[in-house]
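Sequence and predicted structure are below.
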Amino acid sequence: MDKAKRVADDLRKCADILRGLADLLTETEDAKASTEGPEKPVEAPAKESKASAAAASLAKEKPIALEDVRAIAAKIARAGGTEQVKALIEKHGADKLSAVPPEQYGALLKELEGIGNGT
């Protein structure tokens, strides 16, 4: 019976991860549909260090937009950090990325960069 409970718990964790990925994909598609211009080709999942480098360059170049945070969060999620991304979103008082207040984007981006660096 103990093994069945562990399998059930593992399946629940998988379901939570899949829900988080589905939410990120939905938000990414919604953002892509709302922006104008030609579609950019989808890049292969970046290594975690590339995600943190991108976060740092975005923070220095221009005001932080939801799309900037979403791009970094999606890269980290694809690299296996879905649960960490979800926890950070919840830490900022939201149930999904688009519900995070814009004034918290900078702090969230720095925390995402910490995940990307493996810290």
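In hand now; what should we look at?

Which elements pack onto the longest helix seen in the chain?
Longest helix of the chain, by residue count under DSSP state H: helix 2-34. The contact analysis (3 or more CB pairs under 8 Å, 6 or more residues apart in numbering; DSSP states H and E) places helix 2-34 against helix 66-76, helix 82-91. Bear in mind the C-beta positions are built from the backbone N, C-alpha and C, glycine included.

packing partners for the first one?
Helices and strands in packing contact with helix 66-76 are listed as helix 2-34, helix 48-61, helix 82-91, helix 105-116; criterion 3+ CB pairs under 8 Å, 6+ apart.

buried stuff in it?
Buried residues in helix 66-76, defined by neighbour count with 16 or more other CB atoms under 10 Å: Asp68, Val69, Arg70, Ala71, Ile72, Ala73, Ala74, Lys75, Ile76.

pLDDT weak spots in the protein?
Counting by pLDDT under 70, the chain has low-confidence residues at 1, 14, 28-62, 117-119.

count of neighbours near Thr82?
Thr82 has 21 neighbours, counted by other CB atoms under 10 Å.

And Gly106, by the same measure?
13.

what does Val85 give?
Val85 - counted by other CB under 10 Å - has 24 other residues nearby.

so what's it up against?
Residues counted as contacts of Val85 (CB atoms under 8 Å, 6 or more residues apart in numbering) are Gly20, Leu24, Ala73, Ile76, Ala77, Leu112, Ile115.
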